[in-house]
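> My questions concern the predicted model and sequence given below.
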Amino acid sequence: MEDLSTKTVCIYDHGLFVSLAPLLAGRFKRVYYVSGTAGSFPTTAEYSIGSGIPGVTRLNDWADAERIEDQIDLHVIPDLYLAGKAVRLRRQGARVWGSGEAEILELDRLRFKTWAADVGLNVGRYEVVRGMDEAEAFMKSHPGWFMKTAGHAPPGRGDFETLRSRSYDEVKYRMREIRTRLGDRAERVQLIFEKPITDAIELATDCYSVDGQYPDRGVLGLEMKAEGYLGKWVNYGDYPESLRKVNSAFSILFKKQHYRNHCPNECRIDKKGKAWVLDPCLRFGRPPLSILMMITNWPEIFWAGGGGELVQPQFADKWCAEACLYSDYAEEHPTPIEIPKGLEDHVKLSNYCISGGRPIVVPMHYKLSGIGSIVATGSTMNKAIEKCREVMKEVTGYDVKATDSFDGAAEQVAKMKEFGIEAFG
């Protein structure tokens, strides 16, 4: 492994994964961070993300980064909508950690479902409709189904991503809001309705891939959707066989497209052991931001992976736990977060800067209430949960709330043996 203290790295982001920057500061000679701005009238908030973090230099915009590309030894691209940048840099011979063109399978759900069926993966029942009139009629006759965007755009992820209800009346005002957002495209967009896969356990292989290779060990993850996460590192061979089959299918694609990124493939596993693929996550997940603490050698993983070499992960502990942080106030206002000294590593924030010695979450044009996570590790599941709960009590901010769904998660873990899943034991 080369001496990283002589190397320069730049992180290209949209704000969600700014918590990667302090992980690399101190390990590299220089760490740059850049996130995009929204159109012709950028705001101070957008320019603030990543500023003030010790050991990190915030660049104003993509053009700033392009001007110093010849000084950058490693380009880290953890999120979506930057495939063109990753492809261009690789064509120039640069060392790049990122998803590249493979990101389209997350952005285009219909394309993903077609690909997954073609390679023999299990795809749940779904229906495609065109326009909001058809969507409303379908929702009225199919309560409980998930409504999602079908293609790359429109609708965009900022309009909506997933909507589910027990009845149309429950969400009719949200449907009207979506219709208004879509404007004159409301009757032209494609939408997907998915039938829920019931009586199943939802698990993910939370690992990374370098050109189709997976590490010998990874995290087996249980996400409590938009609330929290539990993970345990296991040997790759101890992942449920059905999940390894899904990874094998992705491996062929990843090798062809030089995918080098986190790839938490999440599936619903039924009692027959079948894994039903869900929407792929072809980027860093959020959750699990806890893997930023769980895995301790990200600088080496990024450096080697960016050059096409797989480095095995090193783990801080056996288990990790995560509670998502929310603040409706933060959607439109700067929100300082109070973190007691010594607990900084346990808080992974999005869209933040450091000012006056404290982190401040800044508002974005897409009004994000999910501002990050509190994370912890432990030698057992209960110890990881206990530590996470301890930190939750100490971290404060105006209208900031941490979700505690660990009791329900523990019940899910206990239920896994009914499904023949032993690795979480």
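The structure has been received and is ready for your questions.

> got the contact list for the nearest residue to K383 once chain neighbours are set aside?
In this structure, K383 finds its nearest non-sequential neighbour in W319, 7.2 Å apart by CB to CB, 6 or more residues apart in numbering. For the C-beta atoms, the positions are set from N, CA and C on the backbone; glycine is no exception. By CB atoms under 8 Å, 6 or more residues apart in numbering, the contact set of W319 is L230, G231, K232, T377, G378, S379, T380, M381, K383, A384.

> Just put these in JSON lines and tack on neighbour count, distance to T396 and pLDDT.
Listed next are these as JSON lines, based on neighbours: other CB atoms under 10 Å; distance: CB to CB, whole Å; pLDDT from 0 to 100:
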{"residue": "L230", "neighbour count": "28", "distance to T396": "24", "pLDDT": "96"}
{"residue": "G231", "neighbour count": "29", "distance to T396": "26", "pLDDT": "96"}
{"residue": "K232", "neighbour count": "24", "distance to T396": "29", "pLDDT": "96"}
{"residue": "T377", "neighbour count": "24", "distance to T396": "22", "pLDDT": "98"}
{"residue": "G378", "neighbour count": "18", "distance to T396": "23", "pLDDT": "98"}
{"residue": "S379", "neighbour count": "10", "distance to T396": "28", "pLDDT": "97"}
{"residue": "T380", "neighbour count": "12", "distance to T396": "28", "pLDDT": "95"}
{"residue": "M381", "neighbour count": "21", "distance to T396": "26", "pLDDT": "94"}
{"residue": "K383", "neighbour count": "16", "distance to T396": "24", "pLDDT": "97"}
{"residue": "A384", "neighbour count": "26", "distance to T396": "22", "pLDDT": "97"}
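
> out of these, which one sits closest to D279?
Lowest distance from D279 to the contacts of W319 (CB to CB) belongs to G231, with 19.0 Å.

> Tell me the predicted confidence for P334.
On pLDDT, P334 comes in at 96.

> Now the phi/psi pair for it, please.
Main-chain dihedrals, P334, degrees, to the nearest 10: phi -60, psi 130.

> what about it, distance to V34?
20 Å (CB to CB, to the nearest Å).

> quick one: low-confidence parts of the protein?
Counting by pLDDT under 70, the chain contains low-confidence residues at 38.

> Mark out where each domain of it begins and ends.
8-104, 125-194, 200-419 (automatic domain parsing).

> Need the ones you listed in JSON lines (columns: distance to F112).
Shown next, in JSON lines, are the domains of the chain (distance: least, CB to CB, whole Å):
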{"stretch": "domain 8-104", "distance to F112": "8"}
{"stretch": "domain 125-194", "distance to F112": "10"}
{"stretch": "domain 200-419", "distance to F112": "6"}
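
> nearest to D118, of those?
That would be domain 200-419 among those, by CB to CB, at 9.7 Å.

> Quick one: the strands in the stretch 201-350 of the chain, in order.
Listed in chain order, the strands of the stretch 201-350 of the chain (DSSP state E, counting those that start in this stretch) span 208-210, 217-224, 228-235, 260-262, 265-270, 275-277, 319-326, 335-336, 347-349.

> The first one packs against which elements?
Put plainly, it is strand 208-210. Applying 3 or more CB pairs under 8 Å, 6 or more residues apart in numbering; DSSP states H and E, one finds that strand 208-210 contacts helix 241-257, strand 260-262, helix 298-306.

> which residues sit in contact with the spatially most central residue of the chain?
Closest to where the C-alpha atoms of the chain average out (CA atoms, centre = their mean) is G285, at 2.0 Å. Applying CB under 8 Å, 6+ apart, we find G285 in contact with A204, D206, H262, P264, I291.

> Would you check how far apart the third one and C320 are?
Think H262. Distance from H262 to C320, by CB to CB: 14 Å.

> quick one, which of P334 and V34 is more surrounded?
Higher neighbour count among P334 and V34: V34, with 21 against 16, using other CB atoms under 10 Å.

> For that one, which non-adjacent residue is closest in space?
Excluding the flanking residues, the one nearest V34 by CB to CB, 6+ apart is L59, at 4.1 Å.

> Was I right to think that neighbour contacts R30?
No. L59 is beyond contact range of R30, at 11.4 Å (criterion: CB atoms under 8 Å).

> With neighbour numbers in mind, choose between these two.
Neighbour count, other CB under 10 Å: between L59 and R30, L59 has more, with 21 against 18.

> residue contacts, the more buried one?
Contacts for L59 (CB under 8 Å, 6+ apart) come out as C10, Y32, Y33, V34, A65, I68.

> same deal with L282?
Counting by CB under 8 Å, 6+ apart, L282 touches L80, S99, A102, E103, L105, E106, Y259, N261, C263.

> Closest to P22 out of the residues you listed?
The shortest approach to P22 among these belongs to N261, at 19.5 Å (CB to CB).

> List the contacts of S290.
Neighbouring residues of S290 by CB under 8 Å, 6+ apart: Y229, G231, C320, A321, E322, K348, S373, V375, A376, T377.

> same thing but 6 Å
S290 sits next to Y229, C320, E322, V375 when contact means CB atoms under 6 Å, 6 or more residues apart in numbering.

> Would you agree Y239 is in contact with T205?
Yes. Using CB atoms under 6 Å, Y239 makes contact with T205 at a distance of 5.3 Å.

> I'd like to know how many residues surround E66.
Neighbour count of E66, defined by other CB under 10 Å: 15.

> Sticking with it, tell me its helix or strand.
Assessed by DSSP states H and E, E66 sits inside helix 62-67.

> Convert that helix to PDB, retaining C-alpha atoms only.
Taking C-alpha atoms only, helix 62-67 is exported to PDB below (Å, rounded to 0.1, in the frame of the first residue of the first chain):
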ATOM      1  CA  TRP A  62     -17.400  21.400 -10.000                       C
ATOM      2  CA  ALA A  63     -15.300  23.900 -12.100                       C
ATOM      3  CA  ASP A  64     -13.000  24.500  -9.100                       C
ATOM      4  CA  ALA A  65     -12.400  20.700  -8.900                       C
ATOM      5  CA  GLU A  66     -11.800  20.400 -12.700                       C
ATOM      6  CA  ARG A  67      -9.100  23.200 -12.500                       C
END
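
> For stretch 266-282, what is the distance to the chain centroid?
Taking CA atoms, centre = their mean, to the nearest Å, the mean C-alpha location of stretch 266-282 is offset from the chain mean by 17 Å.

> for it, which positions count as buried?
266-270, 275-282 (16 or more other CB atoms under 10 Å).
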